[in-house]
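Trainee: here is a sequence with its predicted model. Questions after.
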Amino acid sequence: MPMRLLDRCGADSIREFRAAANLRFNDALALAASGRRTAAIYLWGYVAEMSLKAAYFALIGHPETASLSWAVHISPAIAAGRAMGIAWPNSGAGHNVRAWAEFLVLARAINPATAYPPDLALAVQANGQRIGRLWRETLRYHKNFAYRYEVSQMREATEWMLVNSNNL
């Protein structure tokens, strides 16, 4: 008997986040093409979130295939971001793309060897903010139907994150 879907999931890791981000981006493209615009935005939000988290944990030297957990990794990263002055809301904290983008830029800026060039830092923040205006993980609970321009904005910002994920 084949293993169930949830039993086939690997532990969260940088590698898993990056692989899933690519798959979910394409899933969202298919949803958008079939008129499922809000569902596409919903998945693209997670693509951006996973891309930023993978970039942050790679920056701090976390092994690519090592497990990432809420208690040991995600929550302390959020606390560090807050301590650095990032306005990180409590609600949906682990999913806040705007905060993750700002935190990544700031965490890189601390060390001149890892700091982004100014144009890349601005692009990371601008795309994080753009996504933050269009997406929350709680979108799944609402019946809203996304406008075409919102889908275009979300796809463009998320695609930028994904295309540039190796440079984040």
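Mentor: Cool, got the structure.
Trainee: neighbours of the closest residue to Asn127 other than its chain neighbours, just the number please.
Mentor: Nearest non-adjacent residue to Asn127, counting by C-beta to C-beta, 6 or more residues apart in numbering: Ala157, 4.4 Å away. C-beta here means a position set from N, CA and C on the backbone, and glycine is covered the same way. Neighbour count for Ala157, taken as other C-beta atoms under 10 Å: 25.
Trainee: and Val72, by the same measure?
Mentor: Val72 has 10 nearby residues by other C-beta under 10 Å.
Trainee: tell me which element the residue positioned nearest the centre of the chain is part of?
Mentor: In the chain, the centroid-proximal residue (C-alpha atoms, centre = their mean) is Glu49; its distance is 1.2 Å. Per DSSP states H and E: Glu49 is located in helix 37-59.
Trainee: just the helices in the chain please.
Mentor: For the chain, helices defined by DSSP state H occupy the ranges 14-33, 37-59, 75-83, 97-109, 118-134, 148-163.
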